[in-house]
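pasting the sequence and the predicted model now:
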Amino acid sequence: MIDPSSKTPIMPQSDENGFVKRGFYLLGAIAILVAVVLSIIFYKPDQPQPIDAKELPANASKPGWKIRYNAAITLLRRGSDQVPWPIVREMLDEKQQLKNSEFNRPDGRVIPDETQARSFVIATLKALVEWKRQFTDAGKKVADADVLSAVRTDVELLAKSSIPELHRQAVETQWALAK
């Protein structure tokens, strides 16, 4: 192309400042940002399966279970050698806790309160960690190793849970009991 006033060819201007290059970088960054935001909005992590009432035990624990559970947790936290291990094992049974926490909905259905049930299990796991610490600090030995082995097996089952908080606490408890 020639400039008519000077009769000299017009040369295309070079992009000395890199505006075009920076524009493409900015466009790419915006595209990545949009992709990240959309993935956050539409990503649905694996949800735990709903509880099937047929898998739960037939009966809830005997009346007064909350009192027994609180007493057992207190004994665990104090590092007592008088811990009622059968009750502790019951407390570590997630399905039993789901059965214990059932309530009636206004529409007449009976469903478990999963939050309450799992809070009992998690409280038991935390108390077991404290029991092990207190028991070990006092230099005591476990009288019945079979009972502790059964408790470890129960904790191992909980460590396979798909509920993140329950899994995390069970793994932490496994680690503490293995010391």
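Happy to help now that I have it. Residues are numbered from 1 along each chain as shown.

make it CA atoms for all contacts and neighbour counts henceforth
Noted.

and stretch 97-109, how far from the chain's centre?
23 Å (C-alpha atoms, centre = their mean, to the nearest Å).

so which bits of that stretch are buried?
Using 16 or more other C-alpha atoms under 10 Å as the test for burial, stretch 97-109 gives 97, 98, 99, 100, 101, 102.

and the contacts of it?
Residues outside stretch 97-109 that contact it (C-alpha atoms under 8 Å, 6 or more residues apart in numbering): 56-57, 59-61, 91, 110-114, 116-118, 120-121.

mind checking which of those residues are buried?
Neighbour-count burial (16+ other C-alpha under 10 Å) applied to the contacts of stretch 97-109 gives 56, 60, 91, 111, 112, 114, 117, 118, 120, 121.

local confidence estimate at the last one?
Spelled out, that is residue 121. Note on residue 121: pLDDT of 95.

Throw the buried ones among the contacts of stretch 97-109 into CSV and include secondary structure and distance to residue 164, thanks.
Conversion of these to CSV gives the following (DSSP: H, G, I helix; E, B strand; the rest coil; distance: C-alpha to C-alpha, whole Å):
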residue, secondary structure, distance to residue 164
56, coil, 21
60, coil, 25
91, helix, 19
111, strand, 22
112, strand, 19
114, helix, 14
117, helix, 15
118, helix, 11
120, helix, 15
121, helix, 13
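
lowest-confidence entry in those residues?
At the low end of pLDDT for the buried ones among the contacts of stretch 97-109 is residue 56, which has 79.

residue contacts, it?
Contact partners of residue 56, counting by C-alpha under 8 Å, 6+ apart, are 95, 96, 98, 99.

turn the buried residues of stretch 97-109 into a markdown table, including secondary structure.
Formatted as a markdown table, the buried residues of stretch 97-109 follow (DSSP: H, G, I helix; E, B strand; the rest coil):
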| residue | secondary structure |
| --- | --- |
| 97 | helix |
| 98 | helix |
| 99 | helix |
| 100 | helix |
| 101 | coil |
| 102 | strand |
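
closest to residue 132 among those residues?
When these are compared for distance to residue 132 (C-alpha to C-alpha), residue 97 comes out closest, at 23.0 Å.

so where's the chain uncertain?
For the chain, the stretches flagged by pLDDT under 70 are 1-16, 45-50, 52-53, 143.

mind redoing it with 80?
For the chain, applying pLDDT under 80 flags the ranges 1-18, 44-58, 136-145, 179.

tell me where it has helices.
Ranges of helices in the chain, per DSSP state H, are 19-42, 65-78, 85-91, 94-100, 114-137, 145-158, 164-178.
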